[in-house]
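Colleague: Task: produce atomic coordinates for the following.
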Amino acid sequence: MVQTVQYYQQELKRIAWRLGYRARSERRREIPIMLEHVHLYASSPEQEVDSKLYVEYLLGLIPSETGKRVVRLFYIEGHSEAEISKRMNISQQAVNKWKRKSIQSISQRMSS
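Modeller: Model (predicted):
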């Protein structure tokens, strides 16, 4: 009985580690855009303002207010999907869906 409990405890730890690893990997891949760091690429105050205005323009391409808010919280402010889901009182799956739809919307509008 004790061995069985220990076995399942180890399995749960492995599963939790894998989930955490997957979340960290996904987070690194998505690379949030921090507005405070936009100036790192700008050599002048004018370029910094232009960069911030461009980010706001891109956010304006998203038709839904929910989508804009999700993109702003995730990519610009750097919150996790879990934090956003709690904050907006929607599921984490919905946050992921809004994020994908919003980025796709920006991409489509920029290519047309």
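Colleague: Now the element after the longest helix belonging to the chain, going C-ward?
Modeller: Longest helix in the chain, counting residues (DSSP state H): helix 2-30. In the C-terminal direction, the helix or strand that comes right after helix 2-30 (DSSP states H and E) is helix 45-60.
Colleague: And what about the residue sitting nearest the centre point of the chain, helix, strand or coil?
Modeller: By C-alpha atoms, centre = their mean, the chain has its centre lying nearest to Phe74, at 3.5 Å. When classified by DSSP: H, G, I helix; E, B strand; the rest coil, Phe74 comes out as helix.
Colleague: and the gap between it and Gln3?
Modeller: Per C-beta to C-beta, to the nearest Å, Phe74 is found 43 Å from Gln3. In this view, the C-beta of every residue, glycine as well, is placed from N, C-alpha and C.
Colleague: Show the pLDDT at Trp26.
Modeller: You called it Trp, but residue 26 is Glu. With respect to pLDDT, Glu26 scores 69.
Colleague: swap that for Lys97, sorry
Modeller: Taking Lys97 on its own, its pLDDT is 93.
Colleague: And Tyr41, by the same measure?
Modeller: Tyr41 is given a pLDDT of 53.
Colleague: any idea how far the helix or strand bottoming out on mean pLDDT in the chain is from the chain center?
Modeller: The helix or strand of the chain with the lowest confidence, counting by mean pLDDT, DSSP states H and E, is helix 2-30 at a mean of 75. In this view, helix 2-30 has its centroid 21 Å away from the chain centroid, taken as C-alpha atoms, centre = their mean, to the nearest Å.
Colleague: for that helix, packing partners?
Modeller: Using 3 or more C-beta pairs under 8 Å, 6 or more residues apart in numbering; DSSP states H and E, no helix or strand is in contact with helix 2-30.
Colleague: Just give the number of residues close to Arg72.
Modeller: 19 (other C-beta atoms under 10 Å).
Colleague: Kindly report the same for Ile15.
Modeller: For Ile15, the neighbour count with other C-beta under 10 Å is 10.
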